[in-house]
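Colleague: below are the sequence and a predicted model for it; my questions follow.
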Amino acid sequence: MSVESVPKPIVGAGNFVDDRIGAGNFLRRNLRKVFPDHWSFLLGEIALYSFIILLLTGTFLTLFFKPSMAHVEYLGSYKALYGVTMSEAYASTLEISFDVRGGLLMRQMHHWAALLFIGGMMVHALRVFFTGAYRKPRELNWIIGVLLLTLALAEGLTGYSLPDDLLSGAGLRITEGVAISLPLVGTWITFFLFGGEYPGEDVVSRFYSLHILLIPGILLALISAHMILMWVQKHTQMPGKGRTNENVVGSPFYPAFMIKAGAYFMFTFGVIALLGTFAQINPIWLFGPYTPADISAGSQPDFYMGFLEGSLRLMPAWELNLFGQSGGTLAMSVLIPALLPMGIIMTGLALYPFIEQWVTGDRREHHIAERPRNNPHRTSIGMAAVSFYGVLWLLGANDEIAAFFQVSLNWTTYIGRFLIIAAPVATYMITYRVCLGLQRGDAAVLGHGVESGVIKRLPHGEYIEVHVPPHEAIEAHMRNREIVPVISDRGAAGRDGIPSKAMRGPLGRLRLKMSRAYGGEKIPLEAGHGDGHDDGHALGHGEHAAIGQGGQSGQGDDDRSLTR
């Protein structure tokens, strides 16, 4: 890269840094670093910018919130609760909402940013999963992302409980029930967390320390590590013309990427500010202070905890009594729904890159993202997990569903128990068939061309629609795909041609069968050529039309293509 091609601000800053600490070349090189560009990359940025807004609004709220469960008489400006005895935490939250200038806006922006933070991470994780962007060399960054999502759920739980209102207290009661049901350590954890018998006097102050210090510190460290790894490895780029595993096609960090990132941060900030201004959320003054003797009908947690609520509601009342009357009781109706769904989803996400690598035997580096249709089994597994989560999330409101549709609450529970098994299976089968259908569609476009809308009459009187070749960018997008690797019998054999001892065993034979089912080319791209009859209709008359002339994202005048 010549000096003339580097913008003057970078040259000036680079010289300034180089003259003082000798890092000018490092600064110039990284400011001109090329990143691939695609709209789906913005999903992760939503989570990042929401986290920044969370830190800013949370800092404001800590100046006025009092994390104490000491009882006080409320004498603030909200007359409906005037003179009511409540905790200092709840009273200070009311003060922030009604007496601190801008306090209610900050509270609501903080809450909306928390929802957007977790929602953005969920959608970002789905994008990475369905495109195979977790593959080598990005497995470590994928695991960091799973840890971030898990910690974000814990951060949301601790923050949700701080106002000490009736709604958050109901969620805290569920947390206490889950903790005390843990065998051997449950009672100790509960007494440590609550400072004695529930509800105790310490849970708010202890959750406050976790919420503003410990968990945010770990989140900040993990996000930094996540961003550093992303900076070094870059995003996986979408398939397209001129894009390979050896190059990067996109825009330089300065000025193109910085301008886009800055604009998108302001857009995210504006959306959260508008939501905080016009969309009321968590009106704790309507719920009243928490007392263990009270509960409200139709109480629902924030969306990210809905699946745990649903699993608790669907689980039958199972118990295991150990060693008769003198032994302990395992409350399976609490343990299983509290630990199993979270364990299945998070553990499955963390292990999937290594399971897929084991099944396919693919240890190559991948820098091109896959279209979900081109790996139908992975896409089907992901959609089955989404439907599993969705059923649990939906049935977390089974009482509201029963009341709204005037149906039996028991029947909604029975249907939910059936769907939790049937829905993932049906979703897997349907998704797999859809992926194969989309692959056939790609093969048809490449083999027969694209419908042009031009009707032509043949000499013998038949009317046909003229097909034209797809635009070269669209064709490159379709053809730039990798066949999912399969462990062949030859690959499983050693140098002497005899399969290794591990591959001859039951686990090795299972691995070979799974690899053959999971991998391979399901629908060849050449399958759409047919017998040539349609090709003669489409491509033999010289009537071509330009399809998709708009080109692709990230290939404008400022784009660069660098070798990795």
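Modeller: Received it, and whenever you're ready, just let me know what you need.
Colleague: please count neighbours and contacts with C-alpha atoms only from this point.
Modeller: Fine.
Colleague: now do the buried residues in stretch 349-364.
Modeller: 349-350, 352-354, 356-357, 359-362 (16 or more other C-alpha atoms under 10 Å).
Colleague: what does that stretch contact?
Modeller: Outside stretch 349-364, the residues within contact range by C-alpha atoms under 8 Å, 6 or more residues apart in numbering are 134-136, 139, 142-143, 146, 484-487, 511-512, 514-515, 518-519.
Colleague: change it to 7 Å
Modeller: Applying C-alpha atoms under 7 Å, 6 or more residues apart in numbering, the contact partners of stretch 349-364 are 134-136, 139, 143, 146, 485-487, 511, 514-515, 519.
Colleague: returning to that earlier point: would you convert the buried residues of stretch 349-364 into JSON lines that also reports pLDDT, distance to A179 and secondary structure?
Modeller: Formatted as JSON lines, the buried residues of stretch 349-364 follow (pLDDT from 0 to 100; distance: C-alpha to C-alpha, whole Å; DSSP: H, G, I helix; E, B strand; the rest coil):
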{"residue": "L349", "pLDDT": "94", "distance to A179": "24", "secondary structure": "helix"}
{"residue": "A350", "pLDDT": "95", "distance to A179": "24", "secondary structure": "helix"}
{"residue": "Y352", "pLDDT": "96", "distance to A179": "29", "secondary structure": "helix"}
{"residue": "P353", "pLDDT": "96", "distance to A179": "31", "secondary structure": "helix"}
{"residue": "F354", "pLDDT": "95", "distance to A179": "32", "secondary structure": "helix"}
{"residue": "E356", "pLDDT": "95", "distance to A179": "34", "secondary structure": "helix"}
{"residue": "Q357", "pLDDT": "94", "distance to A179": "36", "secondary structure": "helix"}
{"residue": "V359", "pLDDT": "94", "distance to A179": "37", "secondary structure": "helix"}
{"residue": "T360", "pLDDT": "92", "distance to A179": "40", "secondary structure": "helix"}
{"residue": "G361", "pLDDT": "90", "distance to A179": "41", "secondary structure": "coil"}
{"residue": "D362", "pLDDT": "91", "distance to A179": "41", "secondary structure": "coil"}
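Colleague: make a markdown table out of those residues and add distance to V468.
Modeller: Listed next are those as a markdown table, based on distance: C-alpha to C-alpha, whole Å:
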| residue | distance to V468 |
| --- | --- |
| L349 | 42 |
| A350 | 45 |
| Y352 | 41 |
| P353 | 40 |
| F354 | 43 |
| E356 | 39 |
| Q357 | 40 |
| V359 | 40 |
| T360 | 37 |
| G361 | 40 |
| D362 | 37 |
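Colleague: now the contacts of stretch 349-364 as TSV including secondary structure?
Modeller: What follows is the contacts of stretch 349-364, written out as TSV (DSSP: H, G, I helix; E, B strand; the rest coil):
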residue	secondary structure
Y134	coil
R135	coil
K136	coil
E139	helix
I143	helix
V146	helix
P485	coil
V486	coil
I487	coil
R511	helix
M514	helix
S515	helix
G519	coil
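Colleague: tell me the one of the residues you listed nearest D399?
Modeller: Set against D399, the nearest of the contacts of stretch 349-364 by C-alpha to C-alpha is V146 (31.4 Å).
Colleague: OK, contacts around the closest one?
Modeller: 346, 349-350.
Colleague: closest to E400 among these?
Modeller: For the contacts of V146, the closest approach to E400 (C-alpha to C-alpha) belongs to M346, at 28.0 Å.
Colleague: quick check, pLDDT for that closest one.
Modeller: pLDDT for M346: 93.
Colleague: phi, psi of it?
Modeller: phi -70, psi -40 (degrees, to the nearest 10).
Colleague: tell me how many other residues surround it.
Modeller: 17 (other C-alpha atoms under 10 Å).
Colleague: what's the nearest residue to it if we skip its chain neighbours?
Modeller: Spatial nearest neighbour of M346, excluding adjacent residues (C-alpha to C-alpha, 6 or more residues apart in numbering): V146 at 6.8 Å.
Colleague: so what pairs up with P289 in the strands?
Modeller: P289 has the following beta-bridge partners by DSSP bridges: D165.
Colleague: separation between it and R135?
Modeller: Distance from P289 to R135, counting by C-alpha to C-alpha, to the nearest Å: 49 Å.
Colleague: who has more neighbours out of those two?
Modeller: Neighbour comparison, P289 and R135: the larger count goes to R135, with 26 against 23 (by other C-alpha under 10 Å).
Colleague: thinking that one is in contact with H366, fair?
Modeller: Yes: applying C-alpha atoms under 7 Å, one finds R135 in contact with H366, separated by 6.4 Å.
Colleague: and G390, that's in a strand?
Modeller: No: assignment of G390 by three-state DSSP gives helix, placing it outside any strand.
Colleague: tell me the pLDDT at it?
Modeller: Per-residue pLDDT puts G390 at 95.
Colleague: how many neighbours does it have?
Modeller: G390 has 18 nearby residues by other C-alpha under 10 Å.
Colleague: which helix or which strand is home to the nearest residue to it once chain neighbours are set aside?
Modeller: The shortest distance from G390 to any residue that is not its chain neighbour, by C-alpha to C-alpha, 6+ apart, is 7.5 Å, and that residue is F307. Using DSSP states H and E, F307 sits within helix 306-314.
Colleague: now do the buried residues in that helix.
Modeller: Under the neighbour-count criterion of 16+ other C-alpha under 10 Å, helix 306-314 has 306-314 buried.
Colleague: related to what we said a few turns ago, tell me the one of the contacts of stretch 349-364 nearest V72?
Modeller: Nearest member of those to V72, counting by C-alpha to C-alpha, is V146, at 41.3 Å.
Colleague: pull out the buried residues from the secondary structure element (helix or strand) that G276 belongs to.
Modeller: For G276, the host element (DSSP H and E) is helix 258-278. Residues of helix 258-278 classed as buried: 264-265, 268-269, 272-273, 275-276 (neighbour count, 16+ other C-alpha under 10 Å).
Colleague: tell me how far the helix or strand just after it lies from the chain's centre.
Modeller: Per DSSP H and E, the first helix or strand lying C-terminal to helix 258-278 is helix 284-287. Counting by C-alpha atoms, centre = their mean, to the nearest Å, helix 284-287 is centred 31 Å from the centre of its parent chain.
Colleague: need the residues that contact helix 284-287.
Modeller: 94, 165-167.
Colleague: contacting residues around stretch 409-429?
Modeller: 314, 380-381, 383-385, 387-388, 391, 395, 398-399, 402.
Colleague: the stretch 51-200 of the chain: helices as residue ranges?
Modeller: Assignment of helices within the stretch 51-200 of the chain using DSSP state H, counting those that start in this stretch yields the ranges 88-98, 103-130, 139-161, 166-180, 186-194.
Colleague: for the third one, give the mean pLDDT please.
Modeller: In this model, helix 139-161 has a mean pLDDT of 95.
Colleague: select the longest helix from this structure.
Modeller: As assigned by DSSP state H, the longest helix anywhere in the chain is helix 409-448.
Colleague: ok, the helix or strand following that one: who's next to it in the sheet?
Modeller: Later in the chain than helix 409-448, the nearest helix or strand by DSSP H and E is strand 450-457. Next to strand 450-457 in the sheet, as set by DSSP bridges, lie strand 463-468 (antiparallel).
Colleague: between the strand it pairs with and helix 409-448, how many degrees?
Modeller: Counting by axes from the mean of the first three to the mean of the last three C-alpha atoms, to 10 degrees, strand 463-468 lies at 80 degrees to helix 409-448.
Colleague: which parts of strand 463-468 are buried?
Modeller: So for strand 463-468, counting by 16+ other C-alpha under 10 Å, buried means 465-468.
Colleague: kindly export that strand (C-alpha atoms) in PDB.
Modeller: The C-alpha coordinates for strand 463-468 follow below in PDB (Å, rounded to 0.1, in the frame of the first residue of the first chain):
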ATOM      1  CA  TYR A 463     -45.500 -20.700 -26.300                       C
ATOM      2  CA  ILE A 464     -42.600 -20.600 -23.900                       C
ATOM      3  CA  GLU A 465     -41.100 -18.100 -21.500                       C
ATOM      4  CA  VAL A 466     -37.600 -17.100 -22.300                       C
ATOM      5  CA  HIS A 467     -35.100 -17.900 -19.600                       C
ATOM      6  CA  VAL A 468     -31.800 -15.900 -19.300                       C
END
